[in-house]
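K.L.:
Here's a sequence, model it:
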Amino acid sequence: GAVAQLVAPGGTAMTCNIEYNQLDPLLRAVQRLEGKPETGDTALGDADVSPFPGNINILVIDLTRYTATLSPTDGIIPEFV
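P.N.:
Predicted coordinates:
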């Protein structure tokens, strides 16, 4: 996600994680409240990149060991957060 500071109309601020699938709707909602065009997470001008760049989360694993771990359950694992 993206780390963002959310500021309420009264001035109370909160820094939190905004998941990328929620970033565009959040930006559009703020723009709507401010009376601005709802562009959300869209490239600006001639730029072909987002003004809110993300990151790439990469897992580097040993596939042989990973496969051996998943084999007993056919790859079914409990959900975790």
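K.L.:
what pLDDT, on average, does the helix ranked longest in the chain get?
P.N.:
In the chain, assigned by DSSP state H, the helix with the most residues is helix 20-33. Across helix 20-33, the average pLDDT comes to 89.
K.L.:
and what of stretch 51-59?
P.N.:
On average, stretch 51-59 scores 66.
K.L.:
what do you get for stretch 65-72?
P.N.:
87.
K.L.:
Dump it to PDB, keeping only the CA atoms.
P.N.:
This file holds the C-alpha atoms of stretch 65-72, laid out as PDB (Å, rounded to 0.1, in the frame of the first residue of the first chain):
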ATOM      1  CA  ARG A  65      11.600 -26.200  -0.600                       C
ATOM      2  CA  TYR A  66       8.400 -24.200  -1.300                       C
ATOM      3  CA  THR A  67       6.900 -27.000  -3.400                       C
ATOM      4  CA  ALA A  68       7.800 -29.600  -0.700                       C
ATOM      5  CA  THR A  69       6.100 -27.500   1.900                       C
ATOM      6  CA  LEU A  70       2.900 -27.000  -0.100                       C
ATOM      7  CA  SER A  71       2.700 -30.600  -1.300                       C
ATOM      8  CA  PRO A  72       1.100 -32.200   1.800                       C
END
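K.L.:
How far does that stretch sit from its chain's centre?
P.N.:
Its chain's C-alpha centre and that of stretch 65-72 lie 29 Å apart, by Cα atoms, centre = their mean, to the nearest Å.
K.L.:
What lies in contact with it?
P.N.:
residue 77 (Cβ atoms under 8 Å, 6 or more residues apart in numbering). C-beta here means a position set from N, CA and C on the backbone, and glycine is covered the same way.
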